[in-house]
Structure formats: C-alpha cells, structure tokens
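**Student:** any chance you could fold what I've pasted below:
(chains A and B, ligands or ions: 2)
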Amino acid sequence: MATLMDRVITSKAAVLEGSRAIAEAVRLCRPQVISAYPITPQTHVVEALAQMVADGALKAEFVNVESEHSAASVVLGASATGARVYTASSSQGIALMSEVLFNIAGLRLPVVLTCANRALSSPLNIWNDQQDSLSVRDAGWVQLYVEDNQEAVDTHLQAYAIAEDRRVLLPTMVCADGFLLTHTYEPVIVPTQEEVDAFLPPYRPQHYLTPDKPLTMGAFADPEYYMESRYLLDRALERSQAVIEDAAQRFNRAFGRHYGGLLDTLHMEGARTAVVAMGSVVATLRDVVSGLRDDGHAVGLVKVRSFRPFPKDALRSALRDVDRVLVLERALSPGGVGILAAEVRAVLQGQPRQPAVSAFVAGLGGRDIPVETLQALIARAQDEAVEQGFADLKAELVEEGDEDES
Amino acid sequence: MKLIPGLVALPGTSRANKTGSWRIERPLFLHQKCNGCRLCDWCCPEGIVSGQGKLFDCDFDYCKGCGICAEVCPVDDIVMQVEER
Ligand code: SF4
Ligand code: SF4
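**Tutor:** Ligands and ions are numbered 1, 2, ... in the order given. Sure, this is the predicted structure:
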C-alpha cells in the first residue's frame, strides 16, 4: 500500500485530530439526521458535527438524546423515512445500543455508525481495544476496521456507498481505535464537496415511511417467515463482499487511495509466516514486518479490513502458501479464544494446506503494543509450536493462587 | 409471495391472509328483525360485513368468528353457530 506521502494529492491536506477528520468526512456525506450521545473517546466526533450543524455548515437535524439506546432508535426511525443518517459511539454506548443495532440490521436500514473502539467495563477503562464492536459481531452489520486517520476518512465515504447499495441495504460500522486514531493528529486529505458528491449520490430508498404511501416496515414474523428473513440478511452480508471491493476500487479511481477492499496484504509473496490483525496495530506491523523482511525473514502481513462480512475466500487465498499464522487481536472472548483467531481457524479448516495458527490477545484496555513485543511474537510464531495466550501479561499482578487469598 | 428485505409489507397485503380458517363459530344473519342500524358493519374488526337497507352479510374468507356482530346486534338478528368442517 502507498504511504501517505505517495498518495495522489487531489485535495488539501491538513493536520487534523482523527475525530475532527472523521467529522469532516461525515459532513461531506451530507447526512440529514444525526443523533448521538457523547462518550469517550467518540465525543470529539459528534461534538464537531453538532458545531457544524449549529454554525450552518451542515444542513442536518442533530437530535440530542438521553442515551445511546435513544440515539440508535432516532437514526433507525429517521433512516426508515428515507433520510441519510449518522451516529457514533464507543464501549458501554455500543452495549446500550445493541438491542437497536440488531433491529436496524433486520430492518435493512443503511445507517452508518462510527465505533471509536474502547474497552468494555468492568473494570471501567476508557482506553482502546476492540471488544465493543466485536461484541455486536452478530448484529448483522457490515464492520470495517481502519488503520489510520486517512483510511478512517475515506472509509466513511465508502461506508455510505456500501450500506445504500441496493444489493446490500445494511447498516455499516466504521471501527477506528479510540485515542490511537480518534485523538491523534495526522496529516489528512479532506476531499472536496464536489469530489464526494460525485462519488456518493444522494440516498434513494426503495421503500420508506411516508404518509402519502403507507406501508409496514419490520413486520412481525412468525415461524413461517422468521428464518427466511434472517436468511436474506445473511445473503445480503455475503453479497456485500463484492460491493465492499467495488467501493474500494471505485474510491481508488476517484481519489487515488486504496487500503484493500475486504483485506490488504503486505509482503505475502513467498511468506512462510503471516501475521493477521485489524485496526491501528496494522500500521505498526507494516514497519515491523518490512524490517523483518529486510533481515531476510519470510514474514508477511494480512490486514482484515472487513470483519463482517468475514472475507473467507480472500483470506484462504491470502494464506494459501504459508506454514504458520499469527493472529494478533485487541479483543478476547473470555472462556473461549480470541475472536478473530477463531474465525481465521474456521476458514482454514479443511483447506489442502493447513497452517499452524498461533493466537495472541494484546493491548487490551489501551495497553501499548510496542514494536519489540511484535517482533518477539513473530519470532516465536516462526519457530515454535502453536501458542495461544496474552502478550506482555504482567505475571506479578496475577500470580497463581492469588484468587484464593483474602 | 416473496419477502421484501426488512420485511416491508405493502398496504392491502392483509388480504393475502385469509383469517376465515381461524373460525370455530360462524355468524348466521337471520334477515328477520334487522332494523338497518349497521352496528354489525361498523363493529366487525375485519371490516367484512356489508349490505344495504336491512340485508347484511359477511365475507367468510375473512370472518374469524369472533361473534362481535352478534353481540352488538340490538335485535338479536345475528346468531353464532358452531361450524362443522
Ligand atoms: S363474527 Fe366477527 S369477524 Fe365474523 S362477521 Fe361477525 S364481527 Fe366480523
Ligand atoms: S346490527 Fe343487527 S340490526 Fe343492526 S344492521 Fe346489523 S343485523 Fe341489522
């Protein structure tokens, strides 16, 4: 992938905080209704949007609400009337929204939501990991994970195009690591309104609520109809794979920037070991893996950009020739394994060549994942048997037998 | 009938759902003492009682046998009968 410096500059680059850059991208998408409840680290995004609406820079209805459940409900209702809508949240906010998130997907409403990824309570922690968005994996949303702020900006434009595509009609969540991206200042190219309008035409819903043409949306479904409507949701997510790839290609043609569609790869030619990861850690891994390549190690990198739909075929083909895989994730399924790791293992099952998959949980609750840790994990994945565990666990805090002591 | 994504139901689709199969009792419109008050027509929850003057009947494709028409008839000109099938 091109670095920021190599990217074709078609518009003005500015040094912006990630949240501000996301808000600019959302403004350019011309949402008609925004509703959100502030929560760290999402706050700066919706604060900026509220200011834009107040200043008249964005002609939209900004609905202030008393909870994330209400915010999601407002955008659900507004989207059902045919409006382009936006909301954002994090952590406990996503948890509180979750009932409505399932409804939005079942109603097939193209809502776009930014998840500023943050750890879930308890213990209370405001810093980054990806357990919030992954906890609503099965809500039926498209989930895209970004690695830097330019990708965050560009992916919001693509998110509306994907969500509103007639082949898809699904809500789309853009997941950006809290603080690491949302609160980091980086040079970001903010497209012009003309460019965005050319890429993203106004939303033209097929069915929507209006008194002029009454209809029912989200009808009750008894056992005769429920399974088929869930089947249609599942098919739409599968179909969205092609639409996500299309949107990335079309974006590349219009703006000259590309981050992969469903996934992106680096140094996978001839790689024997592949690292698989999502989100901002991928940016660090690019440097680490490139360095190891320079030192003669046959290591490659696969970034999972679309976690839902899960890129089964693309991942199988990317990992076709490797012997070993290291899945690194900022999330945990307590009592199970890593969430991404389980998915990666599942798609490799039954393949002619099955690589050994090591899985590490790292950087929960905002803990840094230093370069040295990544280098050590990759070295172990290259040499040793399959391992599974927590990276950089502080043994002194969790000595065996501690649980029994009062 | 094909499902529309999001389970969108267009108006008038309740016609496809023939509620007549729910019926255990069916109303018998006697056409003897009717005074033409139309209460049976207005009160039928399925909206399927129709008629003019003092001659009312219902559509058995949809009559679910609730008995409201017989209940509201001020002159007992509608009676419910167990339906044998
Ligand atoms: S029995 Fe009920 S459904 Fe049937 S005609 Fe009378 S009021 Fe209508
Ligand atoms: S309610 Fe009875 S009296 Fe009134 S119109 Fe119907 S059948 Fe006739």
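**Student:** how many residues are close by B:Gln81?
**Tutor:** 11 (other C-beta atoms under 10 Å in any protein chain shown). Using the backbone N, CA and C atoms, a C-beta is placed for each residue, glycine as well.
**Student:** relative to A:Thr155, how far out is it?
**Tutor:** 67 Å (C-beta to C-beta, to the nearest Å).
**Student:** what of A:Ala236?
**Tutor:** 19 Å.
**Student:** likewise for A:Met97?
**Tutor:** 20 Å.
**Student:** what number of residues lie near A:Arg345?
**Tutor:** 17.
**Student:** for it, which residues are in contact?
**Tutor:** A:357, A:359 (C-beta atoms under 8 Å, 6 or more residues apart in numbering or on different chains).
**Student:** before we move on, what about A:Leu124?
**Tutor:** So A:Leu124 contacts nothing (C-beta under 8 Å, 6+ apart).
**Student:** mind checking pLDDT for it?
**Tutor:** A:Leu124 carries a pLDDT value of 97.
**Student:** in which helix or strand does A:Pro187 reside?
**Tutor:** A:Pro187 is located in strand A:185-189, with elements delineated by DSSP states H and E.
**Student:** just A:Glu24 next, same as before
**Tutor:** A:Glu24 is part of helix A:18-28 when elements are defined by DSSP H and E.
**Student:** which positions within that helix qualify as buried?
**Tutor:** Of the residues in helix A:18-28, those buried by neighbour count under the rule 16 or more other C-beta atoms under 10 Å in any protein chain shown are A:18-28.
**Student:** quick one, it and strand A:185-189 angle?
**Tutor:** 30 degrees (axes from the mean of the first three to the mean of the last three C-alpha atoms, to 10 degrees).
**Student:** circling back to that earlier point, any chance of the buried residues of helix A:18-28 in CSV, plus distance to chain B?
**Tutor:** CSV is the format used below for those (distance: C-beta to the nearest C-beta, whole Å):
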residue, distance to chain B
A:Gly18, 33
A:Ser19, 32
A:Arg20, 34
A:Ala21, 32
A:Ile22, 27
A:Ala23, 29
A:Glu24, 31
A:Ala25, 27
A:Val26, 24
A:Arg27, 28
A:Leu28, 27
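**Student:** got a list of what the residue nearest the centre of chain B touches?
**Tutor:** By C-alpha atoms, centre = their mean, the mean C-alpha position of chain B lies nearest to B:Cys63, the distance being 3.7 Å. Neighbouring residues of B:Cys63 by C-beta under 8 Å, 6+ apart: B:19-20, B:23, B:26-27, B:44, B:46, B:48.
**Student:** so which bits of chain A are right by chain B?
**Tutor:** A:106-109, A:169, A:207, A:214-219, A:221, A:225, A:228-229, A:232-233, A:236 (C-beta under 8 Å from any C-beta of the partner chain).
**Student:** any quick ChimeraX command for the buried ones out of those residues?
**Tutor:** The buried residues among the residues of chain A next to chain B can be selected in ChimeraX (16+ other C-beta under 10 Å) with this line:
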select /A:106,107,108,109,169,207,215,216,217,218,229,232,233,236
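**Student:** filter the residues of chain A next to chain B down to the ones close to ligand 1.
**Tutor:** Checking the residues of chain A next to chain B against ligand 1 by C-beta under 6 Å from any ligand atom, not one of them is in range.
**Student:** show me what from chain B comes close to chain A.
**Tutor:** B:3-11.
**Student:** now list the buried members of these.
**Tutor:** Buried among those by 16+ other C-beta under 10 Å: B:4-9.
**Student:** residue ranges of the helices in the stretch 151-300 of chain A, please?
**Tutor:** Here the stretch 151-300 of chain A has its helices, by DSSP state H, counting those that start in this stretch, at A:193-199, A:226-255, A:281-294.
**Student:** can you list those helices in a markdown table and add mean pLDDT?
**Tutor:** Formatted as a markdown table, these follow (pLDDT from 0 to 100):
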| stretch | mean pLDDT |
| --- | --- |
| helix A:193-199 | 97 |
| helix A:226-255 | 97 |
| helix A:281-294 | 98 |
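**Student:** which of those helices sits most buried?
**Tutor:** Mean neighbour count (mean count of other C-beta atoms under 10 Å in any protein chain shown) peaks for helix A:281-294 among the helices of the stretch 151-300 of chain A, with a mean of 19.
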